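In: Give me a model of this one.
(one chain, ligands or ions: 1)
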Amino acid sequence: MADKIRVNNLSCFYNGKQVLESLNINVEENEILSIIGPANSGKTTFLRTLNRMNDFDANYSRKGEIYLDDKNIFDMNMEKLRKRVGMLFAMPIPLPMSIYENIIYAPKRLGLLSRKADQDAIVEQALKDASLWNEVKDRLDSSAMKLSGGQQQRLCIARILAINPEVILFDEPCSGLDPISTAKVEESMIELKERYTIVLVTNNVKQASRVGDRTAFFLMGKLIELGKTAELFVAPKNKRTEDYITGRFG
Ligand SMILES: Nc1ncnc2c1ncn2[C@@H]1O[C@H](COP(=O)(O)OP(=O)(O)OP(=O)(O)O)[C@@H](O)[C@H]1O
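Out: As a prediction, this is how the structure comes out:
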């Protein structure tokens with residue numbers, strides 16, 4: 001499988017304190033790469049660096065390079081990068097407007113859509129791809145704030161899909177969801193990898209084992225192990241990986 005993202009010697013710092021140490025990681029096209037590890041191991045910092053979310057944080061600095069399809073993301077126009085690399089946060093945050101308006105907000109702002117028919121088509125497709133269409137198709141004009149937590153998270157997925165990215169970053173997307181909503185989001189992720197490349201940060205080791213094609217284990221800013229999920233969970237090469245996935249620490 002071709003690499004969609006290549007991370008070369010990435011180190012990150014907050015206020016000069018190192019939180020990621022010389023990471024070398026590849027993300028293959030159309031895979032789900034799960035990132036697991038205890039709190040403060042740098043998972044979120046890594047994810048946010050992949051679409052330069054931390055660039056405006058004055059305390060943050062980094063060394064190293066990240067390539068998206070062989071283009072250095074630090075040389076790219078930020079808006080173009082964010083269009084290609086979308087991010088979903090732990091807490092779903094719909095805009096205080098209708099379901100329909102939530103989805104076309106970003107495409108409109110980016111000048112991608114003008115005709116109403118195109119907008120309707122995008123809304124329907126994005127909601128179908130996020131496995132939410134059947135639940136909301138009869139109330140597209142009602143407020144997104146009235147949806148349940150799990151529906152709001154899938155709405156946020158649909159909002160990302162509407163700008164047609166290539167990579168989606170998921171930052172603990174199910175941390176506030178019940179098991180049924182979690183299962184629906186996981187099903188969507190598995191369907192989405194047919195067309196997108198996905199990086200998933202999760203504190204839920206079982207979730208990584210359910211959905212990840214490959215899994216990376218981070219500990220205190222270092223990549224300890226990266227391998228096929230089935231192999232890493234059955235026969236981890238590193239003792240610290242084994243301790244973490246069997247719940248002996250973290
Ligand atoms: N904006 C920030 N300013 C200063 N320090 C930060 C900032 N964000 C994260 N850190 C620090 O960087 C380190 C790594 O944090 P990060 O959130 O990347 O870890 P994590 O593995 O995602 O943790 P968790 O599972 O708890 O979310 C921590 O020590 C954290 O306190």
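In: ok, now which ones touch Phe170?
Out: Met87, Leu88, Met189, Ile198, Val199, Leu200, Val201, Thr202 (C-beta atoms under 8 Å, 6 or more residues apart in numbering). Quick note: C-beta positions are derived from backbone N, CA and C, even for glycine.
In: Show me what it is bridged to.
Out: Beta bridges link Phe170 to Leu88, Leu200, judged by DSSP bridges.
In: So which of the contacts of Phe170 is the closest to Met78?
Out: Distances from Met78 to those, taken as C-beta to C-beta, are shortest for Met87 (12.9 Å).
In: Thought Thr44 was touching the closest one, still the case?
Out: No: with contact defined as C-beta atoms under 8 Å, Met87 does not reach Thr44; the gap is 10.6 Å.
In: what is in contact with these two at once?
Out: Jointly contacting Met87 and Thr44 under the rule C-beta under 8 Å, 6+ apart are Asp171.
In: Return the set of buried residues in stretch 134-147.
Out: For stretch 134-147, burial by neighbour count (16 or more other C-beta atoms under 10 Å) applies to Val136, Leu140, Ala144, Leu147.
In: same thing with stretch 232-242?
Out: Buried residues in stretch 232-242, counted by 16+ other C-beta under 10 Å: Leu232, Phe233, Pro236, Arg240, Thr241, Glu242.
In: before we move on, what about stretch 55-68?
Out: Tyr60, Arg62, Gly64, Ile66, Tyr67, Leu68.
In: Just list the residues touching the fifth one, thanks.
Out: I take that to be Tyr67. Taking C-beta under 8 Å, 6+ apart, we find Tyr67 in contact with Ile5, Arg6, Asn8, Ile73.
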